[in-house]
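A.B. asks: all I have is the shape, not the residue letters:
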């Protein structure tokens with residue numbers, strides 16, 4: 001049994017790497033779809049079409065059970081590069097919201113300055 005495990009050690013390692021790559025790619029595909037739904041209007045139609053094409057290509061590779069880790073990694077890389085503009089749009093939106101929230105917190109911080117610590121015996 002131990003000999004059998006040793007014989008298949010390298011094969012098992014490659015299989016685990018392929019499964020990990022597949023899981024990572026699936027998560028990226030899901031996140032990209034979600035982001036496109038939320039922020040698709042913030043980028044140009046050309047960029048959106050490019051991202052959708054790369055997303056479709058990644059899903060096709062994932063649908064192929066015999067896809068290698070290298071094939072999956074190549075599609076993940078191309079989708080990541082294509083979705084860079086989408087990430088920029090999301091970052092700009094987050095910066096705008098954070099700026100508004102920070103402005104709202106400053107007056108509240110001054111109200112907290114009136115707090116007095118006291119010991120109760």
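C.D. replies: Ah, there it is. Bear in mind the structure is a predicted one, so any value in this text is a computation, not a measurement. Residues are numbered from 1 along each chain as shown.

A.B. asks: pull out the buried positions in the helix or strand containing residue 80.
C.D. replies: In this assignment (DSSP states H and E), residue 80 forms part of helix 69-82. Going by neighbour count (16 or more other CB atoms under 10 Å), the buried part of helix 69-82 is 69, 71-73, 75-76, 79, 82. The C-beta positions use only the backbone N, C-alpha and C, and glycine is treated the same way.

A.B. asks: equivalent analysis for stretch 21-37, please.
C.D. replies: 21-22, 25, 28-29, 32, 35-36.

A.B. asks: now the buried residues of helix 69-82 in TSV, with distance to residue 8 and pLDDT?
C.D. replies: Shown next, in TSV, are those (distance: CB to CB, whole Å; pLDDT from 0 to 100):
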residue	distance to residue 8	pLDDT
69	17	91
71	23	93
72	22	93
73	23	93
75	28	94
76	27	94
79	32	92
82	37	88
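
A.B. asks: and the pLDDT at residue 107?
C.D. replies: For residue 107, the model assigns a pLDDT of 46.

A.B. asks: circling back: tell me which of the buried residues of stretch 21-37 is nearest to residue 88?
C.D. replies: residue 35 (11.4 Å; CB to CB).

A.B. asks: touching, the closest one and residue 88? I think so.
C.D. replies: No. Residue 35 lies out of contact with residue 88 (CB atoms under 8 Å); the separation is 11.4 Å.

A.B. asks: quick one: which two of the buried residues of helix 69-82 are the most distant?
C.D. replies: Largest pairwise distance in the buried residues of helix 69-82, by CB to CB, is 20.4 Å, between 69 and 82.

A.B. asks: got a list of what residue 89 touches?
C.D. replies: 39, 42-43 (CB atoms under 8 Å, 6 or more residues apart in numbering).

A.B. asks: and the strands in this protein?
C.D. replies: Here the chain has no strands by DSSP state E.

A.B. asks: helices or strands next to the top helix by length along the chain in the packing?
C.D. replies: Ranked by residue count and defined by DSSP state H, the top helix of the chain is helix 9-39. Counting contacts by 3 or more CB pairs under 8 Å, 6 or more residues apart in numbering; DSSP states H and E, helix 9-39 is packed against helix 45-63, helix 69-82, helix 84-111.
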